[in-house]
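Trainee: Structure of the sequence below:
(one chain, ligands or ions: 2)
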Amino acid sequence: MTSTRESAPLVPQVLVLLGATGDLARRKLFPGLFRLDRAGLLPPLRVAAAGQRQRRDADFRAHVCEALVEFADDPGDEQARHAFAAKVCYSAATPDDGAHLATRVAELERELGGHAERLVYLSVPPDVTEPMITMLGRTGLAKDARLVLEKPFGTDLESARTLNATLHEVVTESQVFRIDHFLGKEAVQNVLALRFANGLFEPVWNRHHISYVQIDVPEASAIEGRAGFYETTGAFRDMVSTHLFQLLGFVALEPPSRLTAETLRAEKAKVFDSVRPLTPERTVFGQYEGYRDEAGVAADSQVETFVAAEARIDNWRWKEVPFLLRTGKALAAQRRTVTIGFREPPPLFGSGNDASPGGDELAFELTVEPRISIDVRTKRPGPELEIAPARFVLDFAEAFDEERAVPAYERLLLDVMRGDQMLFTRDDEVERIWQACDRLLRHPPTPISYPQGSWGPQRATDLAGARSWRVSRGV
Ligand SMILES: NC(=O)C1=CN([C@@H]2O[C@H](COP(=O)(O)OP(=O)(O)OC[C@H]3O[C@@H](n4cnc5c(N)ncnc54)[C@H](OP(=O)(O)O)[C@@H]3O)[C@@H](O)[C@H]2O)C=CC1
Ligand SMILES: O=C1O[C@H](COP(=O)(O)O)[C@@H](O)[C@H](O)[C@H]1O
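Mentor: Ligands and ions are numbered 1, 2, ... in the order given. Below is the predicted model of the structure:
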């Protein structure tokens, strides 16, 4: 297999996990580290876990073992879980007091022979992130460390700039890893592989051949008890200004001069710089029926649980091509699909292709085992020359049956340990995305109510025009 990147052996790591008692750590981070450890992919590791309250090491290790039983794909046996949990110790740490944590980190670094690298993962609520960064600077914990930041990276342009400024008082941009777990998904990197490792796609990857792009992430689940988070965030900031915009960046970027973190992110930043500010006229907000009855949601909440928006990229490649973005909770299906819709050819077969069912679409399914399909029109077998839709499918599980995809968080954790920032968002990208969203967020559309299990408000369906949303067509 050809790899485009070198993989040098990893140096021992001390992972300082702030917010270690939280939901993300329990559901994703500890199970992910456990799997990587069992797969032999981690270097010698110690975890300095921290939450705001005091806990004993033993109690916290028991909490980690429970999380593995509940959330790891393969929780292994008790011995394996205990061996992993033994690498973890716990300290209380708050923005006001990180002294005890700093002492523990120093001990763990000595335990690993004194040449370990330090990785600080900030998995704390957004309002705690900035004061925590200041604490990391004050205690020396940020010194020479890689700092992983969870979204949201601000809530608008101004707060994103303030957050970046706070970060840069303590660390340089080369130490910052803003995580967007969608970028760890196999299929996202496949957008790049397909475009730039083949002669077939890049020549048609522009407005002359593509008539629309759809980035569609409907979720069947509702807010699942995350009212506190959702009421302050909403679907736009949770999904659109983060994951969906990053996908747009990968689809739309120009070929980078080399495949490095700096060149790739510079191309993405250029795309975001060319995105025309989103408008309320071409954006639909929705709220599912029953949202206001969820525990912790205000009775008159105007928070959107659904967004459909049309983005335009004003550059030579994409002028006039709509990029349609859609996501929402409590919808008819759970999908993550990027669709590239190609222009109709001139009529040749009888009444013209406009009347033939189907049309050319390239679709990326962002599942753990990804799938790429190309819908074309072809000749239906038989004595007549009848045109009918058919599909090429590239099923990765089948094509590479012995090689398994690494789940997104695990892949990204490894990248941080390798010091590879390619799949992490840079400061200027974040600010340019907010620039494109700021006007809309200052005058957001009123959310339209929609039934649970539907495709959201009718206006959002209409936004996609004649071909409609691929996913809603049941494809
Ligand atoms: N949960 C998810 O699926 C996702 C979460 N994220 C992001 O990850 C981050 C963490 O989310 P999540 O795990 O859900 O949050 P939780 O509310 O579940 O956990 C918050 C964690 O932060 C700690 N904490 C809270 N306040 C303070 C404080 N003042 N000082 C020190 N520690 C504090 C808590 O400690 P204690 O328990 O002691 O109170 C707890 O460990 C957020 O930025 C979120 O946006 C991103 C993507 C998905
Ligand atoms: O970051 C988030 O992502 C999930 C969807 O992620 P997936 O990998 O399960 O598709 C979303 O449900 C959640 O609201 C959001 O915070």
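
Trainee: For the residue of the stretch 151-300 of the chain found nearest ligand 2, give me the pLDDT.
Mentor: The nearest approach of the stretch 151-300 of the chain to ligand 2 comes at D238, 4.8 Å away (C-beta to the nearest ligand atom). All C-beta atoms are positioned from the backbone trio N, CA, C, and that covers glycine. Looking at D238, its pLDDT is 95.

Trainee: So it versus V376, what's the distance?
Mentor: D238 sits 35 Å away from V376, going by C-beta to C-beta, to the nearest Å.

Trainee: higher neighbour count, these two?
Mentor: Counted by other C-beta atoms under 10 Å, D238 and V376 do not tie: D238 has more neighbours, with 21 against 14.

Trainee: residue contacts, the closest residue to that one other than its chain neighbours?
Mentor: Counting by C-beta to C-beta, 6 or more residues apart in numbering, D238 lies nearest to Y230, which is 7.1 Å off, once chain neighbours are set aside. Going by C-beta atoms under 8 Å, 6 or more residues apart in numbering, Y230 touches 223, 238, 297, 303, 305.

Trainee: these two touch, right, the first one and E304?
Mentor: So that's I223. No: contact status for I223 versus E304: not in contact, 11.8 Å apart, counting by C-beta atoms under 8 Å.

Trainee: Between these two, tell me which one has more neighbours.
Mentor: A side-by-side neighbour count of I223 and E304, using other C-beta under 10 Å, places E304 first with 27 against 23.

Trainee: Find me the pLDDT at the more buried one, would you?
Mentor: Confidence at E304, expressed as pLDDT, is 98.

Trainee: Torsion angles phi and psi at A50?
Mentor: Dihedral pair for A50: phi -140, psi 140, per degrees, to the nearest 10.

Trainee: any idea how far it is from ligand 2?
Mentor: Distance of A50 to ligand 2, given as C-beta to the nearest ligand atom, to the nearest Å: 22 Å.

Trainee: going forward can the numbers begin at 9, since that is how I track them
Mentor: In the new numbering, first residue 9, that becomes A58.

Trainee: V292 belongs to a helix, doesn't it?
Mentor: No: secondary structure of V292 (DSSP: H, G, I helix; E, B strand; the rest coil): strand, not part of a helix.

Trainee: can you count the residues close to it?
Mentor: V292 has 26 nearby residues by other C-beta under 10 Å.

Trainee: The strand or helix carrying P397 packs against which elements?
Mentor: Under the criterion of DSSP states H and E, P397 resides in strand 394-403. With contacts defined as 3 or more C-beta pairs under 8 Å, 6 or more residues apart in numbering; DSSP states H and E, the packing partners of strand 394-403 are strand 379-388.

Trainee: how about the contacts of Y238 in a markdown table, adding distance to T291?
Mentor: Output for these, formatted as a markdown table (distance: C-beta to C-beta, whole Å):
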| residue | distance to T291 |
| --- | --- |
| I231 | 21 |
| D246 | 15 |
| V305 | 22 |
| V311 | 15 |
| T313 | 14 |
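
Trainee: Could I get the full set of strands for the stretch 359-483 of the chain?
Mentor: 369-373, 379-388, 394-403, 456-458 (DSSP state E, counting those that start in this stretch).

Trainee: Can you tell me which of the ones you listed is nearest to ligand 1?
Mentor: Closest approach to ligand 1 among these (C-beta to the nearest ligand atom): strand 369-373, 20.9 Å.

Trainee: Return the list of strands paired to the closest one, each annotated with direction.
Mentor: strand 345-350 (antiparallel), strand 379-388 (antiparallel) (DSSP bridges).

Trainee: just the angle between it and strand 394-403, please?
Mentor: Counting by axes from the mean of the first three to the mean of the last three C-alpha atoms, to 10 degrees, strand 369-373 lies at 30 degrees to strand 394-403.

Trainee: now, which of the contacts of Y238 sits nearest L157?
Mentor: Lowest distance from L157 to those (C-beta to C-beta) belongs to D246, with 15.8 Å.

Trainee: thinking again about what came up before, any idea which of the strands paired with strand 369-373 scores lowest on pLDDT?
Mentor: Out of these, strand 379-388 stands lowest, with a mean of 92 (criterion: mean pLDDT).

Trainee: for that one, which positions count as buried?
Mentor: For strand 379-388, the neighbour count (16 or more other C-beta atoms under 10 Å) marks 379-383, 385 as buried.

Trainee: thinking again about what came up before, ok, the residue of the stretch 159-308 of the chain closest to ligand 2 to E227 distance?
Mentor: Taking C-beta to C-beta, one finds D246 at 10 Å from E227.

Trainee: next one: I456
Mentor: Per C-beta to C-beta, I456 is found 18 Å from E227.

Trainee: The two: which has the busier surroundings?
Mentor: Just comparing I456 and E227: by other C-beta under 10 Å the higher neighbour count belongs to E227, 20 against 16.
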